[in-house]
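fold the stuff below for me.
(one chain, ligands or ions: 1)
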Amino acid sequence: MNDKKLIYVDNGATTRVLPEVVEAMTSVYNETFGNPSSLYSLGRNAKTTLEEARERIASLIGCDPKELYFTSCGTESDNWAIKGIAANALKYNKGKHIITSKIEHHAVDHTLKALEKQGFEVTYLDVYENGIVRPEDLEKAIREDTILVTVMYVNNEIGTIQPIKELAAIAKSHKIPFFTDAVQAVGKLDVKVKELGVDMLSMSAHKFNGPKGVGALYVRRGLLPANLIEGGGQEKGKRSGTENVAGIVGMAKALELAYARMGERAKIKEMRDYLAKKLLAIPYTRLNGDKDIRIDENVNVSFEFIEGESLLLLLDMYGICASTGSACSSNSLDPSHVLLAIGLPHEIAHGSLRITISEDNTFEDMDYIAKTVESVVSRLREMSPLYDAFLRSKE
Ligand code: PLP
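As a prediction, the model looks like this:
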């Protein structure tokens, strides 16, 4: 195993920007670089390019272009949706109760924690062992003073898919706005906002082969979350800041390619299942998250008696880029709140590996990953005092 390769299987963290996307962006940088707010033709051309990109994205996710606002990333979209509704509720004295799940990304979870410090009350819905919210729990959690329900579409760590349509219908029946962080869903599932019945939905281009630093928020017509960012009045006065035209064009191109290639994702699932089977054959290993109701690309496993960080460093030496916990918390040593929420004890939550594959991978890569993980896990266990104690206890 000395042949140094580079196998990228961390597509939940970010994805490779496709050449077609780079090409579309380069043309904006070279030819349509004007400020869309400028009145001369270079500016007007940039404005036209921007609005065309908005129309293309809106048509893919099934909304009116007027309902789509561009932002700088998924995190900003999440903050805006939640803080915007909370600010409205304060202004109109509506109530201070918000419902979410126990496994939200920090972009949502930390936003809610900040609101709790300002006097909001948050109910965190259980996700049980399979990592999925139960709609009947939402029904029970709704109160007179509930002002928002926010549940993510696809979990970034364990890949589980939440029953968004059912959850949104329940919120709607109580006239409560429903927001979904769909950063890990858009470009991977055939997301159509009107069919889902959500009021707001966030997305981020770098998760579907687009550039980093550009996102969007769908806001149903008639709903107006208060502004998060003030300034020159771009995006119909709702989100100021000179528009990232090249990034937005890149996002439109990436999303078109993602929707066009949706049918090819069956190969990703086949590879994922092939790899998962091999990884789960390693003793004292478990799969995290529902076996079936999960995104095609994700396999998340826990190996008892080892540390995920050590595993990652060793895998990196063999050219494998994977992740433990979520990408954004990988510089923290706390066990993942998602793995704890599905009932993993701390020590097992620490020994987790998330692999998120893409069209770029091959079955050969899966064989290499499985073989390398197996040998690295057994090396780490040989050095583990916990494993040693476990073996002795069995003697
Ligand atoms: N929400 C989820 C579910 C994510 O996985 C991520 C990124 O990992 C984000 C939000 C944040 O998106 P961005 O990196 O564009 O800020």
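
do a quick rundown of the helices in the stretch 151-300 of the chain.
Assigned by DSSP state H, counting those that start in this stretch, the stretch 151-300 of the chain shows helices spanning 164-173, 193-196, 245-260, 265-280.

need the residues of this protein near the ligand, please.
Selection of the chain residues close to the ligand by Cβ under 6 Å from any ligand atom yields 73-75, 78, 105, 107, 152, 156, 181, 183-184, 204, 215, 327-328. For every residue, glycine as well, the C-beta is placed using N, CA and C.

could you list which of those residues belong to strands?
181, 204, 215 (DSSP state E).

from what I see, the first one and residue 106 are in contact.
Pointing back at residue 181 there. No. Residue 181 is beyond contact range of residue 106, at 10.6 Å (criterion: Cβ atoms under 8 Å).

the two - which one has more neighbours?
Using other Cβ atoms under 10 Å as the criterion, residue 181 and residue 106 rank with residue 181 on top: 31 against 16.

contacts only, for the more buried one.
By Cβ atoms under 8 Å, 6 or more residues apart in numbering, the residues touching residue 181 are 74, 77, 78, 104, 105, 107, 108, 150, 152, 153, 202.

TSV for these, including pLDDT?
What follows is the contacts of residue 181, written out as TSV (pLDDT from 0 to 100):
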residue	pLDDT
74	98
77	98
78	98
104	98
105	98
107	98
108	98
150	98
152	98
153	98
202	98
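
nearest to the ligand among these?
residue 74 (2.6 Å; Cβ to the nearest ligand atom).

contact partners for the closest one?
Residues in contact with residue 74 (Cβ under 8 Å, 6+ apart) are 105, 107, 181, 183, 202, 203, 204, 207, 215.

try it again at 7 Å.
Each residue near residue 74 by Cβ atoms under 7 Å, 6 or more residues apart in numbering is listed here: 107, 183, 202, 203, 204, 215.

skip the chain neighbours and tell me the closest residue to it.
Here the nearest residue to residue 74 in space, its sequence neighbours aside, is residue 204; by Cβ to Cβ, 6 or more residues apart in numbering that works out to 3.3 Å.

what is the one you found paired to in the beta sheet?
The partner list for residue 204 in beta bridges (DSSP bridges) reads residue 215.

and the pLDDT for it?
Note for residue 204: predicted pLDDT of 98.

what do you get for residue 346?
pLDDT for residue 346: 89.

how many residues are close by the nearest residue to it once chain neighbours are set aside?
Take residue 346 and drop its neighbours on the chain: the residue closest to it by Cβ to Cβ, 6+ apart is residue 335, 5.2 Å away. Other residues lying near residue 335 total 21 when counted by other Cβ under 10 Å.

what's the answer for the one 5 residues further on, then?
Here the number of neighbours of residue 340 (other Cβ under 10 Å) works out to 16.

who are the contact partners of the nearest residue to it once chain neighbours are set aside?
Of all residues not flanking residue 340 in the chain, residue 349 sits nearest, at 5.8 Å (Cβ to Cβ, 6+ apart). With contacts taken as Cβ under 7 Å, 6+ apart, residue 349 has the following neighbours: 302, 335, 336, 339, 340.

same check, this time on residue 121
So residue 121 contacts 96, 97 (Cβ under 7 Å, 6+ apart).

any idea how far it is from residue 380?
Distance of residue 121 to residue 380, given as Cβ to Cβ, to the nearest Å: 43 Å.

tell me which residues touch the residue in the stretch 201-350 of the chain that the ligand sits nearest to, please.
Scanning the stretch 201-350 of the chain for the residue nearest the ligand gives residue 204, at 3.3 Å (criterion: Cβ to the nearest ligand atom). By Cβ under 7 Å, 6+ apart, residue 204 lies in contact with 73, 74, 183, 215.

what residue ranges in the stretch 101-250 of the chain score low on pLDDT?
Nowhere does the stretch 101-250 of the chain drop to pLDDT under 70.

who does residue 7 bridge with?
residue 320.

how many residues are close by it?
Neighbour count of residue 7, defined by other Cβ under 10 Å: 22.

residue 237 now?
As a burial measure, residue 237 scores 11 neighbours (other Cβ under 10 Å).

among the contacts of residue 74, who's most crowded?
Of these, with other Cβ under 10 Å as the count, residue 202 tops at 32 neighbours.

what about the strands in the protein?
With DSSP E as the criterion, the chain has strands at 7-8, 68-71, 97-101, 121-125, 146-150, 178-181, 200-204, 215-219, 285-287, 298-303, 320-321, 352-356.

and the gap between the closest residue to residue 323 other than its chain neighbours and the ligand?
Spatial nearest neighbour of residue 323, chain neighbours left out: residue 354 (4.6 Å); criterion: Cβ to Cβ, 6+ apart. Distance, residue 354 to the ligand, using Cβ to the nearest ligand atom, to the nearest Å: 11 Å.
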